[in-house]
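A.B. asks: Dropping a prediction and its sequence here:
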Amino acid sequence: MRKLLWGLIGGGRGSQIGPSHRLGATIDGKFSFVAGALDADPDEGRRFGIELGLTKSRAYGDWKEMLRYESKRTDKLDLVTIATPNSTHFEITKAFLESGFNVFCEKPMTMTIEEGEAILAISKKMRKICAVNYGYSGFSLVREMKSMVKSGIIGKVRLVKAEFAHGHHADATDAENPRVRWRYDPELAGVSAVMADCGIHALHMASFVCGAEVLEVSADFVSTIPSRELEDDAMVNFRMTKGIVGRLWSSAIAIGRQHGLTLQVFGENGGLSWGQEQPNQLNFMPLGGRLQIIERGDQNLSNTAKEASRVTIGHSEGMPLAFANLYVDIANELSNIKGREQGLELYPSAEDGLRSVAAIHAAQASSAEMGKWMPAVPFSLMPDI
Ligand code: NAI
C-alpha cells in the first residue's frame, strides 16, 4: 500500500491539539506529513513546518496559499486535517472539500446548523470523506463498549449517563485571561461554551457506544462566573432512538476534575462504565453477578478493540493513539481496505458533526426556555426525508 499524503492546518507550536494529530496521523506509517499551514502567524507557521520536516515549498504561511498550491500538484494530498480554532472550521473545510480534498476536521465541525448542513451536502456531492475528530471514540475500550452493547450482553440499553467536567476555568480572577475569555464570547465561540467544547464529546460518545441518535434535549446552561456570557456548566437531559434515556453533565468549573470524560451505560442485564482518565479499564457488571474489570489488551476482547490497542497490556496508552485509530480507519477507507469490523461504523463523519452541532443549538435554545424539550435532529437527517 502506498503511503498516503497528509497535510495539517493549525496545530502550531504550543497548540493543545497539534501534537496529538501529528503523532496520531503518522504513528502507523499510513500517512506521511508533507504539507502544512500550521500557525495564525505565517512566518512562525513556515518556520515550525520546516522544523517538523516539511520541505520549504510545502510549509505554507496560510491555508489559502496551501489550497492554491496543493490543488495544482499531481502528488495531491490524500487528507487534510483542520485543527484551527472553531470559528474557522467551516470556511476551511468547505474550501478544501470543494477543491476535491478529503478532510478531517476538529470539533465542533461548524458554528451553525446551516453551515453543518452545507458541509454534509458538499462532502456528499464531492464524494469526499469529511471526518470529525471525536477522538475519544478511538480508545480501545470505548470500542469494546460499543461491541459489547451491540452483542446484547447488557440487554436493551435503558439509560446512558455521560460526563465531561473539568475545573480549568474555575478561577474567577483569571476569567479575563485572553486564552480563556474567548471561549465564553459568543462572537468567537458561538452559542455555547463548555457544552460545545467538552459536552459535545460526551454526547457523541453516548451515540457511538449505544448505536443510537439523540432525538430531543432539555437543558440548563449556567454561567457561574457572572462576567461570562456563555455557560461554564451545563446539565442536559436527552432522549435517543431505541428508547434510550440520556443524562449529561459538562462543566468547566469543577475544581479537582481534570479531564473527566466518563460514560456509563445501563441495560436490562448489565452495566458498563469507562472514564478517560483510566482508559485501560472498563467496568462490566452483569445483573446479579460480580463486577468485572476488563483490561485493555486482554486476549478475549472484540476484534475492534484488539486492533485499536497497540501497547502491551498494563502499559499506558493515551489520546494520541486513540486519534491514531481514527487515522487508521480513514486510511483504510482511502485505500479501499474494508473497515476493521463489518457493521461497525468507526470514525465520526460529517453526519455526526452535524448531529452534534444541532444538539448543542437545541440545548442552548432549551435552556433559554427554562428547559423546554427541543427537537435535536437536523433537518436533512430527519427520518422521513
Ligand atoms: P490552540 O489555540 O491551542 O491552537 C490553535 C492553533 O491553530 C495555533 O497554533 C494557531 O496559531 C493556529 N491557527 C489559528 N488560526 C489559524 C489559521 N487561520 N490558519 C492556520 N493556523 C491557525 O487551540 P487548540 O486547543 O489546539 O484547538 C484547536 C481546535 O481543536 C479547536 O477547534 C478545538 O475545539 C479542537 N480541540 C479538539 C480536541 C479533541 O479532543 N478532539 C481537544 C482540544 C481541542
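C.D. replies: All right, it came through fine.

A.B. asks: what about the spatially most central residue of the chain, distance to Ser57?
C.D. replies: Among the residues of the chain, the one closest to the centroid is Tyr134, at 1.6 Å (Cα atoms, centre = their mean). Here the criterion is Cβ to Cβ, to the nearest Å. By it, Tyr134 lies 34 Å from Ser57. Bear in mind the C-beta positions are built from the backbone N, C-alpha and C, glycine included.

A.B. asks: and His89, what does it touch?
C.D. replies: 82, 105-106, 108-111 (Cβ atoms under 8 Å, 6 or more residues apart in numbering).

A.B. asks: how near is it to the ligand?
C.D. replies: Plainly put, His89 is 6 Å away from the ligand if you go by Cβ to the nearest ligand atom, to the nearest Å.

A.B. asks: Kindly report the same for Asp41.
C.D. replies: 6 Å.

A.B. asks: Just want the phi and psi numbers for that residue.
C.D. replies: Recorded main-chain torsions at Asp41 are phi -90, psi 110, according to degrees, to the nearest 10.

A.B. asks: Pro348 now?
C.D. replies: Note on Pro348: its backbone torsions stand at phi -70, psi 140 [degrees, to the nearest 10].

A.B. asks: how near is it to Ala121?
C.D. replies: Per Cβ to Cβ, Pro348 is found 18 Å from Ala121.

A.B. asks: Ok, Leu326 next?
C.D. replies: Distance, Leu326 to Ala121, using Cβ to Cβ: 23 Å.

A.B. asks: With neighbour numbers in mind, choose between those two.
C.D. replies: Comparing Leu326 with Ala121 by other Cβ atoms under 10 Å, the one with more neighbours is Leu326, at 24 against 14.

A.B. asks: Surely Tyr60 touches Asp39?
C.D. replies: No. Using Cβ atoms under 8 Å, Tyr60 makes no contact with Asp39, being 10.1 Å away.

A.B. asks: overlap in contacts of the two?
C.D. replies: Joint contacts of Tyr60 and Asp39 (Cβ under 8 Å, 6+ apart) are Gly45.

A.B. asks: Please, which helix or strand holds Ser20?
C.D. replies: Ser20 is part of helix 18-26 when elements are defined by DSSP states H and E.

A.B. asks: Give me the mean pLDDT for that helix.
C.D. replies: Averaged over helix 18-26, pLDDT sits at 97.

A.B. asks: which helices and strands sit right next to it?
C.D. replies: Other helices and strands packing on helix 18-26, by 3 or more Cβ pairs under 8 Å, 6 or more residues apart in numbering; DSSP states H and E, are strand 4-10, strand 31-37, strand 79-83, helix 319-334.

A.B. asks: For Gly167, which of those is the nearest?
C.D. replies: Closest of these to Gly167 is helix 319-334, at 18.9 Å (criterion: Cβ to Cβ).

A.B. asks: relative orientation of that closest one and strand 31-37 in degrees?
C.D. replies: If you take axes from the mean of the first three to the mean of the last three Cα atoms, to 10 degrees, helix 319-334 sits at 100 degrees to strand 31-37.

A.B. asks: CA atoms only: put helix 319-334 into CSV for me.
C.D. replies: The C-alpha trace of helix 319-334 is given here as CSV (Å, rounded to 0.1, in the frame of the first residue of the first chain):
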residue,chain,number,x,y,z
MET,A,319,-5.2,10.1,23.5
PRO,A,320,-2.7,10.3,20.6
LEU,A,321,-3.2,6.6,20.0
ALA,A,322,-6.9,7.0,20.2
PHE,A,323,-6.6,9.7,17.5
ALA,A,324,-4.3,7.2,15.6
ASN,A,325,-7.2,4.7,15.4
LEU,A,326,-9.4,7.3,13.6
TYR,A,327,-6.5,8.0,11.2
VAL,A,328,-6.2,4.2,10.5
ASP,A,329,-9.9,4.0,9.9
ILE,A,330,-9.7,6.9,7.4
ALA,A,331,-6.6,5.5,5.8
ASN,A,332,-8.3,2.1,5.3
GLU,A,333,-11.2,3.8,3.6
LEU,A,334,-9.0,5.9,1.4
